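Trainee: My questions are about this predicted structure, shown below with the sequence.
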Amino acid sequence: MFQRFRRTRLNPHLRALVRETHVSVDDFIYPLFIRSGEGIKTEVSSMPDVFQMSIDEVLKECEVLKDLGIYSIILFGIPDVKDSIGSDSLCEHGIIASSIRAIKEAHPDMFVVTDLCFCEYTDHGHCGIIDEVNETVNNDATLKISGQQAVLHAKAGADMIAPSGMMDGIIQTLRTSLDEAGFENLPIMAYSTKFSSGYYGPFRDVAESTPSFGDRASYQMDPANRREAIAESISDEAQGADILMVKPALAYLDIVREIKDNTSLPMAVYNVSGEYAMLKMAGMNNLIDYDRVVMETMVAFKRAGANIIISYHAKEVAEMLRK
Ligand code: PBG
Ligand code: ZN
């Protein structure tokens, strides 16, 4: 006697009834890259349909997103001037603080997440302050200014802070800084397990954040390490993170599942720029059925345990879900 698995596959309604995983527009956070100026909407060649935008264009884009049912965005600022400590990211009139204020003023119903890091703002392109002696990012010096950046985002109106620099102790530091400034209800989404990955290439073109020397392997995780990946997320949970994240997503679904099973926080995946670019290029060259593969990929993230998907595909997925 064998089980008739096919019995429940024969009718589309029954397939829908027994489906275990669902993708909804509510699952998504859409990334936006913002720079100063007016009327700027520049496509970057490595990421078709992804733009650097000035604030006025971002405000229009929010309208489009809301029409699609997307209310959550994550912001990346591209400053006019970069320096050794990323001063623009600490300044009330810098690009990120100005963007948050403008968006929350025009669209108070949007949920604004901010990426908290320094690599877009430093002239050397690293995720913190460089230690001249060790020629790497100084962890504790970077923690100090990270707290400042978090409070700046919070005061400008950010709804959630997402630190992506992979400094040790960042969650505890930000939690303390935010609480002391009166933002004890502001959630932190930790980039808790972030690998040192080649999949970030196109992002660094868009965000203009390629390191001018070396790489990020002294702070981001080795893709080969599973146990350390779990420990990183468990540590962030203990430090007070509200949401954990694995990044990149597609090549790390084993890690997503394992963290999901070993922690009790909601989980996000970052479906990164290189993953987006691969599907986009394959689709544009008619090598794959693009819509189908995109949706299959989103289902895989959810099936692996993700509650939240940060993705450049979010708008396309919202359109597909409408059909
Ligand atoms: C900044 C940051 C990066 C990404 C998000 N925040 C890049 C990096 O670490 O170089 C990558 C996002 C993507 O590739 O889509 N720390
Ligand atoms: Zn960074």
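Mentor: Sure thing, it's come through. Ligands and ions are numbered 1, 2, ... in the order given.

Trainee: for Ser212, what are its contacts?
Mentor: Counting by CB atoms under 8 Å, 6 or more residues apart in numbering, Ser212 touches 123-125. In short, each C-beta sits where N, CA and C put it, glycine included.

Trainee: what do you get for Asn271?
Mentor: For Asn271, the contact set (CB under 8 Å, 6+ apart) comprises 248-250, 297-298, 301, 309-313.

Trainee: ok, for it, nearest residue in space, not its chain neighbours?
Mentor: In space, and not counting its chain neighbours, Asn271 is closest to Ser311: 4.0 Å by CB to CB, 6 or more residues apart in numbering.

Trainee: The one you found touches Met295, doesn't it?
Mentor: No - taking CB atoms under 8 Å as the definition, Ser311 is not a contact partner of Met295, at 11.6 Å.

Trainee: Please report the distance of Lys194 from Cys117.
Mentor: 10 Å (CB to CB, to the nearest Å).

Trainee: Filter the contacts of Asn271 down to the ones in helices?
Mentor: Among these, the ones falling in helices (DSSP state H) are 297-298, 301.

Trainee: Of the contacts of Ser212, which is the nearest to ligand 2?
Mentor: Closest approach to ligand 2 among the contacts of Ser212 (CB to the ion): Gly125, at 8.5 Å.

Trainee: Could you find the closest non-adjacent residue to that closest one?
Mentor: If the residues on either side of it in the chain are set aside, Gly125 comes closest to Pro211, at 4.1 Å by CB to CB, 6+ apart.

Trainee: Likewise for Tyr312?
Mentor: Computed as CB to CB, 6+ apart, the closest residue to Tyr312 that is not its neighbour in sequence is Tyr276, at 4.3 Å.

Trainee: In this structure, where is pLDDT below threshold?
Mentor: Counting by pLDDT under 70, the chain contains no low-confidence residues.

Trainee: rewinding a little: which one of the contacts of Ser212 has the most neighbours?
Mentor: Taking other CB atoms under 10 Å as the neighbour criterion, Gly125 ranks highest of the contacts of Ser212 with 21 neighbours.

Trainee: How about the contacts made by that residue?
Mentor: Counting by CB under 8 Å, 6+ apart, Gly125 has contacts 119, 204, 209-212.

Trainee: Quick check on these: which are buried?
Mentor: By neighbour count, with 16 or more other CB atoms under 10 Å, the contacts of Gly125 hold 119, 204, 209 as buried.

Trainee: Is the second one located within a helix, as I assumed?
Mentor: Yes - Arg204 sits within a helix when classified using DSSP: H, G, I helix; E, B strand; the rest coil.

Trainee: separation between it and ligand 1?
Mentor: Relative to ligand 1, Arg204 is positioned 6 Å away (CB to the nearest ligand atom, to the nearest Å).

Trainee: interface residues of the stretch 151-300 of the chain facing ligand 2?
Mentor: Gly165 (CB under 5 Å from the ion).

Trainee: ok, and for the host helix or strand of Ala16, which residues are buried?
Mentor: When elements are assigned from DSSP states H and E, Ala16 belongs to helix 12-18. When neighbours are counted by 16+ other CB under 10 Å, no buried residue of helix 12-18 is found.
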